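Asker: Requesting a structural model of the entry that follows:
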Amino acid sequence: MNHKPIENMSRQELEAELKLLSVEYQAVTESARAILMQQEFEESAKEIFSLCKKVTGATSGYVALLSSDGSENEVLFLDSGGLLCNVDENLPMPIRGLRETAYRSLKSVYDNSFADSHWVKFLPEGHMRLDNVMFAPLIIDQQARGLIGLANKQGGFTQRDIDFVSSLGDIAAVALRNSRNLEWVQDLSFHDQLTGLYNRHYFVNEIKRLEGSREYPIAIISADLDGLKKVNDTFGHGEGDLYLKKCASIFKEVLRGYDLLARVGGDEFALVLPRTDKVAGEGVLKRIDRKIEEYNKSQKGLPLRISLGLAVSENSTQSLEKTHHEADRLMYENKLKRNNR
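Answerer: Numbers count the residues shown, from 1 in each chain. Next up, the predicted model:
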């Protein structure tokens, strides 16, 4: 707000003040709406950043998040305001200079003589000219988790800009917290908490996504851990949990990065192998059997026994759900043969 007492303002100054207050109020309202309407933080942050630019008059800037180790900025998006910026996007952005002051103090800062200040030495080669800058930290639990950076405002930044952008920075921090909470909840909803593998819910969704895709042939392996109930009844559920974890570990060792591994039941697993025909799928079965044999030879305790079944969908004419059922049928057939032996 204008620091001049209201009684000393002219009619024109009052009208200008009311107009600016209206713009600021509308920006805060739109920022709040952005975090309610958006699930992804990047989308909310873009809207909030755009409002910061609009109200302050800055022509460029960025939003960055703090890296996991707290040593660098990771730029979420950058708006150069039409100026040429030749900085390599892959270069690290260590926390230093004026933005380090904002991070460490948890306060917004600005410098209207940035181009002539000692802060310039911290800019990487090829960076666009910055006549003035302002940084506002995104604070969660008394720690800076991100930053809104603004630059090149005609006439320079003011305390009013600091107050306004800090307010929107608080709203952006709420959006960031909400986004991370949502990611955590989604992670819980799609993962088995014991093994860390995907769960049946995720497996079903992924099967639907792969239907009709370009990933054919798609192989599915159904796996059942033999004797888990007996292990639980005899040695306790703690031993049974270790049994399950070891089974999951063996599957991980033989799969590629883009294969899907899920725990779809108490002692049941499903492996989805895109771009895998029957010959390649049988190779995976052999590698699993070899891993199990190696494990059992190295252990003096309970041997690991897993029944497996493989089915392949060569193209989209056979649904992946039916392929999974066929893999299940073959797995139970193999389990019966093993039990009979």
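Asker: mean confidence for the top helix by length along the chain?
Answerer: Longest helix of the chain, by residue count under DSSP state H: helix 159-190. For helix 159-190, mean pLDDT is 77.
Asker: what comes up buried for that helix?
Answerer: Buried residues in helix 159-190, defined by neighbour count with 16 or more other Cβ atoms under 10 Å: 161-162, 164-179, 190. In this view, the C-beta of every residue, glycine as well, is placed from N, C-alpha and C.
Asker: can you check stretch 195-205 too?
Answerer: By 16+ other Cβ under 10 Å, the buried positions in stretch 195-205 come out as 195, 197-199, 202-203.
Asker: likewise stretch 116-133?
Answerer: Buried residues in stretch 116-133, counted by 16+ other Cβ under 10 Å: 119, 128, 130-133.
Asker: Just the CA trace of that stretch, in PDB.
Answerer: Extracted as PDB, the C-alpha positions of stretch 116-133 are listed here (Å, rounded to 0.1, in the frame of the first residue of the first chain):
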ATOM      1  CA  ASP A 116      26.200  -2.900 -11.300                       C
ATOM      2  CA  SER A 117      26.500  -5.000  -8.200                       C
ATOM      3  CA  HIS A 118      28.900  -7.700  -7.000                       C
ATOM      4  CA  TRP A 119      26.000 -10.200  -7.400                       C
ATOM      5  CA  VAL A 120      26.600 -10.200 -11.200                       C
ATOM      6  CA  LYS A 121      29.700 -12.400 -10.800                       C
ATOM      7  CA  PHE A 122      27.500 -15.300  -9.800                       C
ATOM      8  CA  LEU A 123      25.600 -15.300 -13.100                       C
ATOM      9  CA  PRO A 124      26.700 -18.000 -15.600                       C
ATOM     10  CA  GLU A 125      28.200 -17.100 -18.900                       C
ATOM     11  CA  GLY A 126      25.700 -16.200 -21.500                       C
ATOM     12  CA  HIS A 127      23.000 -15.100 -19.000                       C
ATOM     13  CA  MET A 128      20.700 -12.300 -20.200                       C
ATOM     14  CA  ARG A 129      21.200  -8.800 -18.700                       C
ATOM     15  CA  LEU A 130      19.400  -8.300 -15.300                       C
ATOM     16  CA  ASP A 131      19.000  -4.600 -14.500                       C
ATOM     17  CA  ASN A 132      17.100  -5.400 -11.300                       C
ATOM     18  CA  VAL A 133      16.000  -8.600  -9.600                       C
END
